[in-house]
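have a look at this fold, sequence not included:
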């Protein structure tokens, strides 16, 4: 499955009616986040094909901590931290949508904002691809660090 | 410890060597009623009485305690000054900054830049601060600065943010750059 299918699906259900409008809007926020996050996670994994830490990354990428790990990698390899900040912001919206049932939000605004963030990340897809291929040693360092922490049982 | 309170101007029994000291170096010491002997680290206003205490300190251990107290107080004041710049701040943020002075200094730098950026663009805003810890990876913490912006100004300010973001972050130390995240929200 291409992760960006989730993005197209989110757009599709946005224009459909539902008997559960807030549940639908929260679902859209989550699907938009996952589309972008999974795209970056997988491209990062592909860039590690020659890295000794490839298997470590593959293992970590099946765990819940992978969301923060990907943000950490982005913020490490980009001096402006911009894309890491945007992805963190998307993750934060997703956490609110999925876990904070009492959160009083304007969910239409939340969708508009996370879609704007997603478009920004997609516009920078090739930039990220280039950074992943050029910043191998820095990425390896971050993954090794996370691996040590994870192995320590937190 | 009471020997630290020896004062050349008063001849009091050691148990009674506690004075109420005025504000600043020009204030005069006054004798006050003694309730119980105090340890130096128990004093609430060590910085205010330091000029007087320094006369009588003859114990290196006591001096270290005083210096540590003053250092703690200075740290608290610095962290408080950073927190005061936020409209809302979680208690966790205060604890975190006290334990991470370098990050606190970087946060102050970010807040300076943010204020400058937002004021230059005539944006009305409020700032909130919190610490987020990943439950899946408790060693990973993020310091969130949430900028709440008027809905009407929101889209425009986001467009300007990318350039400002770059300028702000490129001057931060790597540890702070990774940890501090500025987020925008509609107010």
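Yes, it's here. Quick caveat: nothing in here was measured; it's all calculated off a predicted structure.

mind showing which ranges of the chain have poor pLDDT?
Just going to use chain A. A:153-154 (pLDDT under 70).

the chain in question should be chain B.
Ranges of chain B meeting pLDDT under 70: B:1-63, B:66, B:70.

any chance you could map the strands in chain B?
Counting by DSSP state E, chain B has strands at residues B:19-20, B:30-31, B:88-89, B:125-134, B:137-149, B:180-186.

reformat these as a markdown table; add distance to residue A:96.
In short, each C-beta sits where N, CA and C put it, glycine included. As requested, the strands of chain B are arranged in a markdown table below (distance: least, C-beta to C-beta, whole Å):
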| stretch | distance to residue A:96 |
| --- | --- |
| strand B:19-20 | 52 |
| strand B:30-31 | 57 |
| strand B:88-89 | 17 |
| strand B:125-134 | 12 |
| strand B:137-149 | 12 |
| strand B:180-186 | 11 |
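
out of the ones you listed, nearest to residue A:45?
Nearest of those to residue A:45, taken as C-beta to C-beta: strand B:137-149 at 18.0 Å.

can you give me the neighbour number for residue A:106?
When neighbours are counted by other C-beta atoms under 10 Å in any protein chain shown, residue A:106 registers 12.

please report how far it lies from chain B.
Applying C-beta to the nearest C-beta, to the nearest Å, the value for residue A:106 to chain B is 8 Å.

cool, residue A:78 as well?
Taking C-beta to the nearest C-beta, one finds residue A:78 at 9 Å from chain B.

count the neighbours of that residue for me.
Using other C-beta under 10 Å, residue A:78 is surrounded by 21 other residues.

what sits against it?
A:84, A:131 (C-beta atoms under 8 Å, 6 or more residues apart in numbering or on different chains).

for it, grab phi and psi.
Main-chain dihedrals, residue A:78, degrees, to the nearest 10: phi -120, psi 120.

give the contact list for the residue nearest the centre of chain A.
In chain A, the centroid-proximal residue (C-alpha atoms, centre = their mean) is residue A:37; its distance is 2.3 Å. Shown in contact with residue A:37 (C-beta under 8 Å, 6+ apart): A:3, A:67, A:70, A:87, A:90, A:91.

would you turn those into CSV with secondary structure, distance to chain B and neighbour count?
Shown next, in CSV, are those (DSSP: H, G, I helix; E, B strand; the rest coil; distance: C-beta to the nearest C-beta, whole Å; neighbours: other C-beta atoms under 10 Å in any protein chain shown):
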residue, secondary structure, distance to chain B, neighbour count
A:3, coil, 20, 16
A:67, helix, 8, 23
A:70, helix, 12, 23
A:87, helix, 10, 26
A:90, helix, 10, 26
A:91, helix, 10, 21
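
ok so, going back, what would the strands of chain B look like in JSON lines with mean neighbour count and distance to residue A:15?
Shown next, in JSON lines, are the strands of chain B (neighbours: other C-beta atoms under 10 Å in any protein chain shown; distance: least, C-beta to C-beta, whole Å):
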{"stretch": "strand B:19-20", "mean neighbour count": "16", "distance to residue A:15": "73"}
{"stretch": "strand B:30-31", "mean neighbour count": "12", "distance to residue A:15": "78"}
{"stretch": "strand B:88-89", "mean neighbour count": "16", "distance to residue A:15": "37"}
{"stretch": "strand B:125-134", "mean neighbour count": "18", "distance to residue A:15": "33"}
{"stretch": "strand B:137-149", "mean neighbour count": "19", "distance to residue A:15": "28"}
{"stretch": "strand B:180-186", "mean neighbour count": "20", "distance to residue A:15": "23"}
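
ok, which of those comes nearest residue A:144?
It's strand B:137-149; of the strands of chain B, that one is closest to residue A:144 (C-beta to C-beta) at 13.8 Å.

that closest one close to chain A?
Yes: on the criterion C-beta under 8 Å from any C-beta of the partner chain, strand B:137-149 is in touch with chain A at B:137, B:138, B:139, B:140, B:142, B:144.

for residue A:49, the count of nearby residues, please.
Residue A:49 has 7 nearby residues by other C-beta under 10 Å.

which SS class is the residue lying farthest from the centre of chain A?
Largest separation from the mean C-alpha position in chain A: residue A:19, at 28.9 Å (C-alpha atoms, centre = their mean). The local conformation at residue A:19, judged by DSSP: H, G, I helix; E, B strand; the rest coil, is coil.

for chain A, which residues are neighbours of chain B?
Residues of chain A lying near chain B (C-beta under 8 Å from any C-beta): A:63-65, A:67-69, A:72, A:75-76, A:79-82, A:84-85, A:88-89, A:92, A:106, A:109, A:113, A:116, A:146, A:149-150, A:154.
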